[in-house]
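# Sequence below, structure please.
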Amino acid sequence: MECPKCRFDNREEARFCSESGHKLEFICPKCGTGNRLGANFSDKCGHDFVKPAERSPIDYSRPPSYTPKHLADKILTKRSAIEGERKLVTLLFAHVANYTWNFTLLKASG
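Below is the predicted model:
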């Protein structure tokens with residue numbers, strides 16, 4: 001059983017990670033109950049862990065609808081620190097044609 005915190009491979013019967021001491025459980029997103037890792041359904045509410053959760057479509061006209069809260073908080077609290085920030089960026093464009101490779105490398109300097 002792989003620990004979700006440190007990725008250590010524990011024995012299947014383990015309840016806590018031998019490496020990090022982290023409790024080996026999965027928290028149900030519906031009821032908040034801890035379940036064993038690898039469970040298909042919640043022990044308390046029967047929520048299906050295998051079926052992907054339905055997501056509402058992203059509204060690109062409203063950035064708060066798709067911006068993670070931790071990132072939005074960082075932007076709002078440290079706005080003056082990141083305003084006008086410059087970073088070195090490297091872009092690679094590759095085009096495959098007739099089994100030959102053509103590379104174009106653009107390097108922006110800040």
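
# what's the longest helix in this protein?
The longest helix of the chain (DSSP state H) is helix 69-77.

# What's the separation between the residue with the shortest distance to the centre of the chain and Ile75?
Central residue of the chain (Cα atoms, centre = their mean): Pro68, 10.7 Å from the mean position. The spacing between Pro68 and Ile75, counted by Cβ to Cβ, to the nearest Å, is 10 Å. (Each C-beta comes from the backbone N, C-alpha and C, glycine too.)

# Could you do Ser61 as well?
Ser61 is 18 Å from Ile75, by Cβ to Cβ.

# quick one, which of these two is more surrounded?
Ranked by neighbour count (other Cβ atoms under 10 Å), Ser61 and Ile75 place Ile75 first, with 13 against 6.

# Correct me if wrong: the more buried one contacts Ile82.
Yes. At 6.9 Å, Ile75 counts as touching Ile82 under the criterion of Cβ atoms under 8 Å.

# quick one: pLDDT of Gly110?
At Gly110, the model reports a pLDDT of 51.

# swap in Ser65?
Looking at Ser65, its pLDDT is 77.

# Neighbours of it, how many?
Each residue near Ser65 was counted by other Cβ under 10 Å, and the total is 11.

# Return the distance of it relative to Ala72.
Per Cβ to Cβ, Ser65 is found 11 Å from Ala72.

# quick check: mean pLDDT across the helix or strand hosting His95?
Using DSSP states H and E, the element containing His95 is strand 89-97. Per-residue pLDDT over strand 89-97 has a mean of 79.

# If anything else comes up later, I'll come back, but that's it for now.
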